[in-house]
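> with the sequence up front, the predicted model follows.
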Amino acid sequence: MAVLGAAGRMGSTTVRAVESAPDLELVAALDASDDLAKVAAAGAQVAVDFTVPSVTEGNVHALVDAGVHAVVGTTGWDDAARARVRDHLADRPDVGVLIAPNFALGAVLTMAFAARAARWFESVEIVELHHPDKVDAPSGTALHTAHAVARARRAAGVEASPDATEQSLDGARGALVDDVRVHAVRLRGLTAHEEVLLGNPGEQLTIRHDSFDRVSFMPGVLLAVRQVGSRPGLTVGLEHLLDLA
Ligand SMILES: NC(=O)C1=CN([C@@H]2O[C@H](COP(=O)(O)OP(=O)(O)OC[C@H]3O[C@@H](n4cnc5c(N)ncnc54)[C@H](OP(=O)(O)O)[C@@H]3O)[C@@H](O)[C@H]2O)C=CC1
Ligand SMILES: O=C(O)C1=N[C@H](C(=O)O)C[C@H](O)C1
């Protein structure tokens, strides 16, 4: 297998995890200066992408063309980009692409629990907290969570969270994602954290997940690497591999 973004925080952690896995062999580790053709030339069957939002879609299209299955952790994907990959995969029905905004088991469970709880509360807001070297905001996980929560509330006929605020300063109430407020904190010392706050008269439920170390993502990454070849087409979210969708 191959790792794209191998010199980065997630890429280097993935390289170590693959090297420790007896059933996997790392044949290519690419950084920003490397030609993507190295992946197929090295005989990789699966490539993991932990690069940057500006290049990840192009990488996936090139991998699909080369017949290499892709496991993508890089964030920055929107509906249009995912649709382009889905269209492209129609020409390569043998290839699997899995895009997951978060590979940590606890984060995937947080999203599933939040979606399950969302219909029972009047108010819901999301706070994501990350290290300050992160280039995107809000996090891919917070976007995925907001959409899952909003879908669950719509399906149950629940109204948007009440909010009488007249904002005197732009951004004071965070970003509105699919009717759900999302707030992004960037703080030295943090790794990756998310809180889903659910409120009713007289009570609050907080669902919180903390990744203290990037090793937290590795069991999910390795699970995806092992399964992506038997899941042709596009899969979005690790929940589909964990029976949580
Ligand atoms: N799904 C999940 O569970 C997780 C997802 N992420 C996401 O993963 C992504 C990477 O995060 P992180 O590792 O912290 O970021 P880093 O900035 O540490 O790593 C990104 C790496 O990609 C390299 N790179 C840039 N362009 C290319 C290219 N064309 N080909 C190969 N490598 C390239 C960068 O090189 P250079 O610095 O030289 O430009 C850098 O080494 C982010 O989108 C983040 O949100 C992070 C954690 C968990
Ligand atoms: O950049 C990060 O660090 C992380 N990115 C992902 C995201 O944007 O959701 C996953 C995790 O939160 C760590």
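Nice, thanks for sending it over. Numbers count the residues shown, from 1 in each chain. Ligands and ions are numbered 1, 2, ... in the order given.
> and the one helix or strand residue 12 maps to, what does it pack against?
Assessed by DSSP states H and E, residue 12 sits inside helix 9-19. Judged by 3 or more Cβ pairs under 8 Å, 6 or more residues apart in numbering; DSSP states H and E, the packing partners of helix 9-19 are strand 2-4, strand 46-49, helix 218-227. Heads up, the C-betas are built off the backbone N, CA and C, glycines and all.
> could you dump these to a markdown table with mean neighbour count?
As requested, the helices and strands packed on helix 9-19 are arranged in a markdown table below (neighbours: other Cβ atoms under 10 Å):
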| stretch | mean neighbour count |
| --- | --- |
| strand 2-4 | 29 |
| strand 46-49 | 27 |
| helix 218-227 | 20 |
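> export those to a markdown table and tack on mean pLDDT and distance to ligand 1?
Formatted as a markdown table, those follow (pLDDT from 0 to 100; distance: least, Cβ to the nearest ligand atom, whole Å):
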| stretch | mean pLDDT | distance to ligand 1 |
| --- | --- | --- |
| strand 2-4 | 98 | 5 |
| strand 46-49 | 98 | 8 |
| helix 218-227 | 98 | 7 |
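> residues of the helix holding residue 12 that come out buried?
10-15, 17-18 (16 or more other Cβ atoms under 10 Å).
> I'd like the helices and strands packed on helix 9-19 as TSV, with distance to residue 62 appended.
Putting the helices and strands packed on helix 9-19 into TSV (distance: least, Cβ to Cβ, whole Å) gives the following:
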stretch	distance to residue 62
strand 2-4	10
strand 46-49	10
helix 218-227	18
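> which one of these lies nearest to ligand 2?
helix 218-227 (10.6 Å; Cβ to the nearest ligand atom).
> ok, residues contacting the closest one?
Here helix 218-227 makes contact (Cβ atoms under 8 Å, 6 or more residues apart in numbering) with 1, 13-14, 17-18, 21, 23-24, 46, 48, 71, 73, 98, 100, 102-105, 108, 238, 241.
> returning to what we had before: nearest to residue 89, out of the helices and strands packed on helix 9-19?
Residue 89 sits nearest to strand 46-49 of all these, at 14.9 Å, using Cβ to Cβ.
> quick one: strands adjacent to the closest one?
Take DSSP bridges as the rule and strand 46-49 pairs in its sheet with strand 2-4 (parallel), strand 69-72 (parallel).
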